[in-house]
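Chemist: 3D model of this:
(chains A and B)
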Amino acid sequence: MAIVTKRVSDEREAEEQNFNWVGTRAVRPDGVDKVTGRAKFGADLHLPNMLVGKMLRSPHAHARILSIDISSAEKLPGVKAIVTREDFSDLASEFVPAGEMMVNYRDITRNVMAREKVLYEGHALAAVAAVNAIVAREALALIQVDYEVLPHVLDVVEAMKPEAVLIQEDLLTDGADPPADKPSNIAKRVEFGHGDIETGFAKADVIVEREFNTRPVHQGYIEPHACVASVSEDGQAELWCSTQGHYVVRGHCARILGMDVAKLRVTASEIGGGFGGKTVVYLEPVALALSRKACQPVKMVMTREEVFKASGPASGANMRVKIGATRDGRITAGEAILHYQAGAFQGSPVPPGAQCAFAPYDLEHVRAVGFDVLVNRPKVAAYRAPGAPISEYAVESVVDEVAKKLNIDPIEFRLKNASREGTKASHGPKFGPIGLVETLEAAQAHDHYQSPLQPGQGRGVASGYWFNIGGQSSVTLNTSEDGTVALVVGTPDIGGSRASLGMMVAEELGVELDKVRPMIGDTSSLGYNFLTGGSRTTFATGKVAVDAARDLVSQLRERAAKIWDVPVGDILWHNGEALQKNGRGGPTETLSFRDLAESMGKTGGPLVGQASENVQGAAPSFGTHVVDVDVDRETGRVEILRYTVVQDAGKAIHPSYVEGQYQGGAVQGIGWALNEEYIYDSEGRLENAGFLDYRMPVCSDVPMIDTVIVEVPNPAHPYGVKGVGETPIVPPLAAISNAVANALGIRFSELPMSPPRVLAAIAAASSSK
Amino acid sequence: MAKVTLTGNLRLYTAGVTELEIKASNIRELLRNLGKQYPDLAAQLTDDLAVAIDGKIYQDDWFAAIGPDSEVHLMPRIGGG
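Modeler: Numbers count the residues shown, from 1 in each chain, chains lettered A, B, ... in the order given. The predicted structure is shown next:
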């Protein structure tokens, strides 16, 4: 583990040397509760008279719903409420921001509860609230649904064909030129780039063009979706749920159920992983609808099978990438054609996939075209850097092949073409201060890259990019009478944000970290907060937390000025104490935070620091990964021998958490590259809806992931923070594929590189010799 | 006059024009003036939009200042996981 910091000035370096908390590896505030089992996750809440809610789900991949008969189920003793499509208003088509990208309320209401058709196996059809789970399951079995089973389509290429069965009969392709006049499964076409690619390819000495296919993969959070809803007779409602954004949940639920937003209070539980998959609603509106009908609290918890069948994976894709370069290693043009699965409703992350595909490279001629395609699978949801791992896998694989054809070291090749500050990005604007070159140089200098390989082993390299975002955050600091502080934020802690936010506040206030208690407030306790996603929380909520602390310090200085009867301009705040500039002193030479807190009632009332902002200026994070693999030629198993992540963090507030993000992203990428895929039968039913058959990496599958934190500060954050949570999952797919290509001499163009696929490729290569 | 570049599908609503100069002191004014100049584009200038001013990306910020020589890019809104 290492940190490589690019200092912006001697002054800043001096400031950093004086940090008490920022940059340290402080003890996490949520650790004890989590290791003792005290932490309350989504399913842990129990209320008096609480009912159990269960969902009836479609056994078909595609079918028209002819009728739903709940009469027998309603008569079953112990059943308190049943809801179907009849209990949800049909909402008009309206796109709203919701984490990954825009979502459509017409689609959300149909995904929460099927209306005209079921569009994938596991699509919700009806829900029951009963006195216990046994009765609820019995009631589900009594619900009669008549279907007209329809042909289905799972493959993105098949779904684009003119003869493909239409998943939504009225869908016209947005962005088609000329405009589409016939419905198809292609929801959208997008295009980015600049220059003229034909001119660029004409200048190339070497051109490589390849087609790639990837499979959908699930976010794989350990905690299933879970919530408890309680609606009173007067329409006031409370909801507890495992989510990355309880304000977003509140907005969606209120809209779907026709409620006033302020009448619904949502509390985010501890969250057992999200990775983007908990930015949408599935159970929450249904539990509220059941509770509203039953006038009793209702708990709903997905099984693991439901999580796989009914919650969003990342897209699978078909892609074609073409890159040309001169003999001396300069890329002359790059083109990517991307087809992403959206699931049953439009909205795959193909736009950001297209925008990110060539972001690491300074290209004069570049073009990326994306297609958003419906298939009979669950609607995709965000998954760390949504869209980017897929497109950058294809581009970074071809980049590696071009470098090899030119006999240029892959890191040297990337350095020759790397985006730098001022580079016009392939998606349009010029980059500000970015750290790609620094990550490449650090990877090149790393012991890992310099170490020898054994015969038969392979080493791969890939870089990756993600935008990161800012957005709305609201923070309150409530001062207690003993000088301790409650830090209340509205962005659920999915990756250690309570630690990083608390450290920044303690740094600003000049107090011990354990005097600041960070917590997640419910939706009625703070102004609006956008969700935790887009790698935004330590950046955006962090900036707002610093502003709230500075607001509190300003009030503390005013109180000290009053006590000493001097102008506030004479008061300094240093290391948790008020000091007078001229050193005259009042009754005491200094006034501590505790002194001022103890007397706050007598000096003006409660001391509350507040700040709210729609934070802009999120800076992107680039990373470069190096991986060594060995391939068992008899079993086809790819073993990860060594793995190093190098990434720009801007400023690592808590280096251990940053390293954890790097390691977690790399491991999820390893799963994506080597094993994870959905396997369907001929009827479109998922056959591996469980962790025994859906093969995610476990500890024994991976070595210790080494990390290097590069720090190229973001000028839009007081400490220079850039988001780090998403970029680490971008490079692994290509880095591992490149390593396998170097180990075997076989270039894979399909993920996952699972043992059967690797064995088949080895056999094919042997037979062709 | 700010130099404005339209990325993604926006050129479909400007008869293929992707680069233009517009007088605007902030994002709200920019979007209004663009909508007046290209009425078909107005309906696209919605929440599903990010605006980069001299490389810094803004989302939902009507009053972010645009300088007379600023380079502005209109692009799809960015989310995350």
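Chemist: drop to CA atoms for contacts and neighbour counts, all remaining ones
Modeler: Noted.
Chemist: for A:Gly502, see how far away A:Tyr282 is.
Modeler: The spacing between A:Tyr282 and A:Gly502, counted by Cα to Cα, to the nearest Å, is 32 Å.
Chemist: tell me the pLDDT of A:Lys581.
Modeler: The score at A:Lys581 is 78. That number is its pLDDT.
Chemist: pretty sure it sits against A:Leu572.
Modeler: Yes: the pair A:Lys581 / A:Leu572 is scored as a contact, 6.3 Å apart, by Cα atoms under 8 Å.
Chemist: on that earlier part again, between A:Tyr282 and A:Gly502, which has more neighbouring residues?
Modeler: Each of A:Tyr282 and A:Gly502 has its neighbours counted (other Cα atoms under 10 Å in any protein chain shown); A:Gly502 has more, 29 against 24.
Chemist: helix, strand or coil for the more buried one?
Modeler: With DSSP: H, G, I helix; E, B strand; the rest coil as the basis, A:Gly502 sits in helix.
Chemist: is A:Val646 in contact with A:Val724, as I believe?
Modeler: No: using Cα under 8 Å as the test, A:Val646 is too far from A:Val724 to be in contact (11.3 Å).
Chemist: tell me the contacts of the nearest residue to A:Ala418 once chain neighbours are set aside?
Modeler: Residue nearest to A:Ala418 in three dimensions, not counting chain neighbours: A:Tyr361, with 4.7 Å by Cα to Cα, 6 or more residues apart in numbering or on different chains. By Cα atoms under 8 Å, 6 or more residues apart in numbering or on different chains, A:Tyr361 lies in contact with A:Arg414, A:Asn417, A:Ala418, A:Ser419, A:Ala425, A:Ser426.
Chemist: what's the burial count for the fourth one?
Modeler: Just to be clear, that refers to A:Ser419. So A:Ser419, with other Cα under 10 Å, has 25 neighbours.
Chemist: quick one, what contacts it?
Modeler: Contact analysis of A:Ser419 by Cα under 8 Å, 6+ apart lists A:Ala359, A:Pro360, A:Tyr361, A:Asp362, A:Ala425, A:Phe431, A:Leu436, A:Val437.
Chemist: what helix or strand is residue 21 on?
Modeler: With no chain named, the answer covers chain A. Assessed by DSSP states H and E, A:Trp21 sits outside every helix and strand.
Chemist: that's the wrong chain, I wanted chain B
Modeler: Per DSSP H and E, B:Glu21 falls inside strand B:19-22.
Chemist: buried stuff in that strand?
Modeler: Residues B:Ile22 are the ones in strand B:19-22 that count as buried (16 or more other Cα atoms under 10 Å in any protein chain shown).
Chemist: would you map the helices across the stretch 151-300 of chain A?
Modeler: For the stretch 151-300 of chain A, the helices defined by DSSP state H, counting those that start in this stretch occupy A:156-160, A:197-202, A:246-257, A:284-294.
Chemist: please read the previous query as pertaining to the stretch 501-650 of chain A.
Modeler: Using DSSP H, counting those that start in this stretch, helices in the stretch 501-650 of chain A cover A:542-564, A:593-598, A:600-603.
Chemist: chain center to the shortest one, what's the gap?
Modeler: Spelled out, that is helix A:600-603. Put simply, helix A:600-603 sits 44 Å off its chain's centre (Cα atoms, centre = their mean, to the nearest Å).
Chemist: tell me the contacts of residue 70?
Modeler: All of this is about chain A. With contacts taken as Cα under 8 Å, 6+ apart, A:Ile70 has the following neighbours: A:Ile82, A:Leu142, A:Ile143, A:Gln144.
Chemist: you answered for a different chain; I wanted chain B.
Modeler: By Cα under 8 Å, 6+ apart, B:Ser70 lies in contact with B:Met1, B:Ala2, B:Lys3, B:Ile53, B:Asp54.
Chemist: strands - which of the residues you listed land there?
Modeler: Counted as lying in strands by DSSP state E, out of the contacts of B:Ser70, are B:Ala2, B:Lys3, B:Ile53.
Chemist: ok, and the closest non-adjacent residue to the last one?
Modeler: With Cα to Cα, 6+ apart as the measure, B:Val72 is the residue that lies nearest to B:Ile53, at 4.6 Å, once sequence neighbours are left out.
Chemist: what's the helix or strand for the one you found?
Modeler: Using DSSP H and E, B:Val72 sits in strand B:71-75.
Chemist: now that strand: average pLDDT?
Modeler: Averaged across strand B:71-75, the pLDDT comes to 96.
Chemist: likewise for stretch A:393-405?
Modeler: Stretch A:393-405 shows a mean pLDDT of 98.
Chemist: show me which residues of chain B are close to chain A?
Modeler: B:5, B:7-9, B:12, B:47-48, B:52, B:54-61, B:72-73, B:75-81 (Cα under 8 Å from any Cα of the partner chain).
Chemist: list the buried residues in the longest helix seen in chain B.
Modeler: In chain B, taking DSSP state H as the definition, the longest helix is helix B:27-37. For helix B:27-37, a neighbour-count test (16+ other Cα under 10 Å) marks B:Ile27, B:Arg28, B:Glu29, B:Leu30, B:Leu31, B:Asn33, B:Leu34, B:Gly35 as buried.
Chemist: farthest pair in those residues?
Modeler: Using Cα to Cα, the buried residues of helix B:27-37 reach their maximum pairwise distance at B:Ile27 and B:Gly35, which is 12.1 Å.
Chemist: right, I'll leave it there.
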